[in-house]
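Novice: my questions are about this predicted structure, shown below with the sequence.
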Amino acid sequence: MPMMDIGQLSNIIKFKFVELRKFEFVEENMFFKVAILQTRAEISNIKRNIDTIICYMEEASKNGADILLLPECFVTGYELPIPYEKSISCDDEVIMKICQVAKEHNIGVVLTSFTKGKTQPQNTAFVIDKLGKILMKYSKVHTCDFADEKDVEAGTEFKVCNFDGIKIGIMICYDREYPESARMLMLKGAEIILVPNDCGSMKPRLQALSTRAYENMVGIAMANANGDNAGCSCAYSPICWDKNGICLDNTIVLADDVSEGLYYADFDMDAIRDYRRREMMGNTFRKVAAYKELLDATILEPFIRDGQE
């Protein structure tokens, strides 16, 4: 057998090195995929609404979503006033049914419903994980006390839960009108804020959601019922410029007002976490000593309204 010269041996070694590199493990970025449902629930038709939820859970699961976000009060339909007896308990069989489907299809879901509070209905969101476990119940803090939600019992705190290693917070509809809502969730560790919604006149509200994402360095997704001057379900990244300071469009997805169906938002969690570690918004250089008026409940003109406590 002829002996190989040094050149031949070197080429074989190079070839084997290239072959080995083909099998090297390349770690991919962690993405959090949110399926955002834009459609309108049927008022007081819980069975039909649950069937709709299950149908979209199955579709979202097939498309690789981690979680399905539904519009506000999709279980009961959003109609007020609602008698206390028509609201559901937090352990109602319809909630348990959704938990079962979540486990079967390995998908999380955020759904809201009018639930039984102490003496009045509450507007409550349930965060359910892929194993069908209820991770968190959150009741809307900023109820619309200027309208029919004056008879809805307000929640008293903002909450964050851990969904597969991602910290999730919830704002329900009118919560997003107040920057304190997103700020509190950020301070409690939220990386992603999910927003069940049912209202119109969305253009300025989209701008506000984009700003909440920017100033708190959190991802935000919002699901709204469709309809003229409504809809516009959306998702925004907190990443508003690259490492060179070049501005980026932080819109991930934006629906029109009338279309129905699922929209998907992929949040690059590794990129978001890297951005949060290096940029200067969020809870970096806040001057908390200057904010004492934020905890003053006094209301002065021009902000005095009927129905204020």
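Specialist: Great, that's in hand.
Novice: what stretches of this protein score poorly on pLDDT?
Specialist: Low-confidence regions of the chain, defined by pLDDT under 70, span residues 1-27.
Novice: what do you get if the cut-off is 50, keeping everything else the same?
Specialist: Of all residues in the chain, those with pLDDT under 50 make up the ranges 1, 9, 13, 15-18, 20-23.
Novice: so where do the helices sit in it?
Specialist: When secondary structure is read from DSSP state H, the chain shows helices at 6-22, 46-62, 93-105, 179-187, 203-216, 269-278.
Novice: who touches the third one?
Specialist: Around helix 93-105, the neighbours that count as contacts under Cβ atoms under 8 Å, 6 or more residues apart in numbering are 46, 50, 53-54, 57-58, 61, 75, 88, 108-109, 111, 113, 126, 128-134. Yep, even glycine has a C-beta here, placed from its N, CA and C like the rest.
Novice: tell me the buried residues within those.
Specialist: If you count burial by 16 or more other Cβ atoms under 10 Å, the buried members of the contacts of helix 93-105 come out as 46, 50, 53-54, 57, 61, 75, 88, 108-109, 111, 113, 126, 128-130, 132, 134.
Novice: quick revisit: need the winner for burial among the helices of the chain.
Specialist: Using mean count of other Cβ atoms under 10 Å, the stretch among the helices of the chain with the largest mean neighbour count is helix 179-187, at a mean of 20.
Novice: ok, now how distant is D145 from D306?
Specialist: According to Cβ to Cβ, to the nearest Å, D145 stands 9 Å off from D306.
Novice: just P121 next, same as before
Specialist: When distances are taken as Cβ to Cβ, P121 and D306 turn out to be 21 Å apart.
Novice: what of I252?
Specialist: From I252 over to D306 the distance is 39 Å, taken as Cβ to Cβ.
Novice: of the two, which one has the most company?
Specialist: Ranked by neighbour count (other Cβ atoms under 10 Å), I252 and D306 place I252 first, with 22 against 7.
Novice: contacting residues for the residue nearest in space to the middle of the chain?
Specialist: With distances taken as Cα atoms, centre = their mean, L194 lies nearest the centre of the chain, 1.6 Å away. With contact taken as Cβ under 8 Å, 6+ apart, L194 is in contact with 34, 67, 69, 110, 127, 168-171, 220-223.
Novice: give me the number of residues near the residue lying closest to G307 once chain neighbours are set aside?
Specialist: Leaving aside its sequence neighbours, G307 sits nearest to D145 (Cβ to Cβ, 6 or more residues apart in numbering; 4.8 Å). By the criterion of other Cβ under 10 Å, D145 has 17 neighbours.
Novice: if I look at D145, how far off is P238?
Specialist: The gap separating D145 from P238 is 31 Å, by Cβ to Cβ.
Novice: what do you get for Y214?
Specialist: Taken as Cβ to Cβ, the span from Y214 to P238 is 6 Å.
Novice: quick one: common contacting residues for these two?
Specialist: N250.
Novice: now the strands for the protein?
Specialist: 31-38, 67-69, 108-116, 121-128, 134-139, 160-163, 166-170, 192-197, 219-224, 234-236, 251-254, 261-268 (DSSP state E).
Novice: how about the contacts made by L69?
Specialist: If you count contacts by Cβ under 8 Å, 6+ apart, L69 has them with V34, A35, I36, L37, V109, V110, L194, V195, P196, A221, M222, A223.
Novice: what's the closest of the helices of the chain to N244?
Specialist: Comparison of those against N244 by Cβ to Cβ identifies helix 269-278 as nearest, at 12.5 Å.
Novice: G77 contacts E42, doesn't it?
Specialist: Yes: using Cβ atoms under 8 Å, G77 is in contact with E42, at 5.8 Å.
Novice: which residues are in contact with each of the two?
Specialist: For the pair G77 and E42, residues contacting each of them under the criterion Cβ under 8 Å, 6+ apart are N49.
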